[in-house]
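In: This is the structure alone, sequence omitted:
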């Protein structure tokens with residue numbers, strides 16, 4: 001199964017979800033990537049630093065979503081409250097929406113709060129995907 005985590009710019013929410021998913025997922029048949037609706041600026045140093053503290057890799061280039069990615073995806077997880085699900089109406093697979101707010105990437109406390117929220121949602125998703133296989 002291929003899944004894509006999507007947020008607005010691929011600078012925080014979708015990137016955190018992908019990194020944490022890859023860290024905890026033990027099923028080699030589940031593959032995750034992340035993208036933004038738009039290719040964003042580089043990931044903020046604050047996010048990279050906090051990611052390292054929490055032992056997840058949040059670095060790398062941001063990615064913009066390309067329609068061809070939908071062909072190989074079985075599931076799209078929209079991790080953002082500011083990305084309309086209607087963008088994916090032509091997608092034939094399943095779409096899940098997590099209404100996670102965008103934040104200032106300079107606010108360490110808020111970054112950590114949102115990361116915890118994303119981790120909980122990814123934990124639930126991984127458990128659900130285990131049950132379907």
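Out: Sure, I can see it. Everything quoted here is computed from the prediction, not taken from an experiment.
In: Just the helices from the chain, written as ranges.
Out: 13-24, 45-53, 69-72, 108-132 (DSSP state H).
In: hey, which of those helices is tucked in deepest?
Out: Among the helices of the chain, helix 13-24 has the highest mean neighbour count (mean count of other CB atoms under 10 Å), at a mean of 24. C-beta here means a position set from N, CA and C on the backbone, and glycine is covered the same way.
In: Show the contacting residues for the closest residue to residue 117 other than its chain neighbours.
Out: Leaving out its chain neighbours, the residue that sits closest to residue 117 by CB to CB, 6 or more residues apart in numbering is residue 100, at 6.2 Å. By CB atoms under 8 Å, 6 or more residues apart in numbering, the contact set of residue 100 is 7, 13, 79, 80, 81, 114, 117, 118, 121.
In: can you count the residues close to the closest residue to the fourth one other than its chain neighbours?
Out: So the one you mean is residue 80. Nearest residue to residue 80, sequence neighbours excluded (CB to CB, 6+ apart): residue 7, at 4.1 Å. Residues near residue 7, counting by other CB atoms under 10 Å, number 29.
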